[in-house]
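K.L.:
here's a sequence, model it:
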Amino acid sequence: MKKTLVFIIVLVSFCSKETGCVEIKDKGSGGGKYFFYWNEKLKNVQNQIVIMSGSVSEEVYNSFEIGDEYCMD
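P.N.:
Got it, this is the predicted structure:
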């Protein structure tokens, strides 16, 4: 029961809308979508790899470079 509760808390925190500023560690695109990645690979309580990323418009994607700081609304 305790592991399930911890997993739900971690899942909700990764899925909730984030605000603030992050350093762009990598960029990627695919399927007409553009992404910034802002952390190293993390392992959650289930030992699954989690990579924090966010989808942005093509215009925003093209205006930032790896290493830049990106602030989310």
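K.L.:
got a list of what the closest residue to residue 33 other than its chain neighbours touches?
P.N.:
Spatially, and ignoring its direct neighbours in sequence, residue 33 is nearest to residue 55 (5.5 Å; CB to CB, 6 or more residues apart in numbering). Every residue, glycine included, has its C-beta placed from N, CA and C. Neighbour list for residue 55: 33-35 [criterion: CB atoms under 8 Å, 6 or more residues apart in numbering].
K.L.:
do residue 53 as well
P.N.:
28, 35-38.
K.L.:
and the next element down the chain from the helix or strand bottoming out on mean pLDDT in the chain?
P.N.:
Here the helix or strand of the chain ranked lowest by mean pLDDT, DSSP states H and E is helix 2-15, holding a mean of 49. Downstream of helix 2-15, the first helix or strand assigned by DSSP states H and E is strand 20-23.
K.L.:
quick revisit: okay, who's weakest in the contacts of residue 55 by pLDDT?
P.N.:
Scanning those for pLDDT, the low point is residue 35. It has 91.
K.L.:
ok, the one helix or strand that residue maps to: who's next to it in the sheet?
P.N.:
Taking DSSP H and E as the criterion, residue 35 maps to strand 33-37. Take DSSP bridges as the rule and strand 33-37 pairs in its sheet with strand 26-30 (antiparallel), strand 53-56 (antiparallel).
K.L.:
great, nothing more from me.
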